[in-house]
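Asker: Pasted the sequence and its predicted model underneath.
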Amino acid sequence: MTNLDKPSEMSSPKFNNKLILSFTAVALIGFLDALYLSVSHYTGHISCSVVSGCQEVLVSQYSEIFAIPLAILGALYYLFIIVNSLIYIDSQNKWSKLILSYLPIFGFLFSLYLVYLMFFVINALCQYCLLSASTSTILFILSLILIKKNKYVPRV
Amino acid sequence: MNKQNRIWFWSISIIVITVLSIIIINAANPNTNGSTVVTDQEWSKGNPDALVTLIEYSDFQCPACASYYPMINKLADEMGDDVLVIYRNYPLSSIHPQAELAARAAEAAGQQNAFWAMHDKLFANQKAWSGQDNAKDLFISYANELGLDVEKFKSDIDNKAIKDAVKEDQRSGNQALVEGTPTLFLNGQKINNPRSYDKLRQAIRDELSKIQQ
């Protein structure tokens, strides 16, 4: 009825906001999960109820890069995504949009590598790590949607 | 967004993230405080005022625990003035089906001041009752051999208070992050199981000299 009243460009930011909020929500889950793993990495204790192997994964030689636990890098990655999604919601900052569009691709590739390590090298599974792999996959899918919704190449 | 909305937006976002982070950090950082505190309701041997307390979480059906009990007994005999030895039940029921019943048998004997006698008897005869369907009958016969009031023992072994006592030990073990049996705590610190009596005695002596310094 009132469709004609609405300027057509209004629908795009509306949709984007929902999409960006999905980034925030998924990255928040990923962040809390990675935070849990970071603390467990240092306390050296983790309780696994569903699948066993958290202990093995968390203390394996692959759990750190240059003495920095991967869990902390993961937490920082997710926090960075959260902050950028909030900045975008706040001010439609184009840099934040660029980060949300492309950073999850690298996050996804890295978590593919980690899942490969878990399955084929360490031979142990950890549900919290799998959850992180899932959130980074969802972020990747969201980033593809975001790229598709904004087909033009951002001028930077 | 206008300025006021922005302030709200960022404040709420930061508060939500901070609160959730604190919850997660607390959840990941198990609080083991208090689980190795000694209460009045303990099965103990040795000097109650000793500087060193050794808490053993054990399972009557676990073979490793059976090989440990002579060492712990010897320790209490030889160093009883310097150490307080405490036994807590940690029956691993998933792999030892009669362990919980055995723990209750020892607790029931404890009602007649025979906890340690039953403790020794259960470990000494572990092979005889492990995996036996009539384990309970055997425990009753042990109570009889120890000169206990068998009728009282029979009613105590199924008593809710006794079952709760075993559960309470187990709960404290979970809180202390016990993962297997036997697990030893020396003055609240989990220690690796010493491989011989000499090593165990040495660990106690080291702890004593550390405190006395």
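Answerer: Structure's in. What do you need?

Asker: buried ones in the helix or strand of chain B with the lowest mean pLDDT?
Answerer: Least confident helix or strand of chain B, by mean pLDDT, DSSP states H and E, is strand B:189-191 with a mean of 84. By 16 or more other C-beta atoms under 10 Å in any protein chain shown, the buried positions in strand B:189-191 come out as B:Lys190. (Each C-beta comes from the backbone N, C-alpha and C, glycine too.)

Asker: so how far is the following helix or strand past it off the chain centroid?
Answerer: For strand B:189-191, the succeeding helix or strand toward the C-terminus, using DSSP states H and E, is helix B:197-212. In terms of C-alpha atoms, centre = their mean, to the nearest Å, the centre of helix B:197-212 is found 21 Å from the chain centre.

Asker: Not counting its own residues, what contacts helix B:197-212?
Answerer: With C-beta atoms under 8 Å, 6 or more residues apart in numbering or on different chains as the test, helix B:197-212 has contacts from B:51-52, B:54, B:71-72, B:74-75, B:78-79, B:82-83, B:186-187, B:191, B:194.

Asker: Near whatever residue of chain B ends up closest to chain A, how many other residues are there?
Answerer: Nearest residue of chain B to chain A: B:Ala28, at 3.7 Å (C-beta to the nearest C-beta). If you count neighbours by other C-beta atoms under 10 Å in any protein chain shown, B:Ala28 ends up with 21.

Asker: Likewise for A:Asn17?
Answerer: Neighbours of A:Asn17 under the rule other C-beta under 10 Å: 14.

Asker: tell me the secondary structure for it?
Answerer: Classification of A:Asn17 using DSSP: H, G, I helix; E, B strand; the rest coil returns helix.

Asker: so which helix or strand takes in the closest residue to it other than its chain neighbours?
Answerer: Spatially, and ignoring its direct neighbours in sequence, A:Asn17 is nearest to A:Ile89 (6.3 Å; C-beta to C-beta, 6 or more residues apart in numbering or on different chains). Per DSSP H and E, A:Ile89 falls inside helix A:70-91.

Asker: What residues of stretch A:64-79 count as buried?
Answerer: A:Pro69, A:Leu70, A:Ala71, A:Ile72, A:Leu73, A:Gly74, A:Ala75, A:Tyr77, A:Tyr78, A:Leu79.

Asker: For the third one, give its distance to chain B.
Answerer: When you say that, I think you mean A:Ala71. From A:Ala71 across to chain B, the span is 10 Å (C-beta to the nearest C-beta, to the nearest Å).

Asker: Look at that residue and report its pLDDT.
Answerer: We have a pLDDT of 86 for A:Ala71.

Asker: Go ahead and flag the most central residue of chain A.
Answerer: A:Ser136 (3.9 Å; C-alpha atoms, centre = their mean).

Asker: what are the phi and psi angles of A:Ile99?
Answerer: When quoted as degrees, to the nearest 10, the phi and psi of A:Ile99 stand at phi -60, psi -50.

Asker: distance of the residue nearest to it when sequence neighbours are not counted from chain B?
Answerer: Distance criterion C-beta to C-beta, 6+ apart; nearest residue to A:Ile99, sequence neighbours excluded, is A:Asn84 at 4.8 Å. From A:Asn84 over to chain B the distance is 12 Å, taken as C-beta to the nearest C-beta.

Asker: for A:Asn84, what are its contacts?
Answerer: By C-beta under 8 Å, 6+ apart, the residues touching A:Asn84 are A:Ser96, A:Ile99, A:Leu100.

Asker: Looking at those residues, spot the one nearest A:Leu32.
Answerer: Distance to A:Leu32, by C-beta to C-beta, is smallest for A:Leu100 among these, at 19.2 Å.

Asker: Is the residue in chain A that chain B sits nearest to within a helix or a strand, and which one?
Answerer: In chain A, the residue that lies nearest chain B is A:Val39 (3.7 Å; C-beta to the nearest C-beta). Following DSSP H and E, the helix or strand that holds A:Val39 is helix A:11-43.
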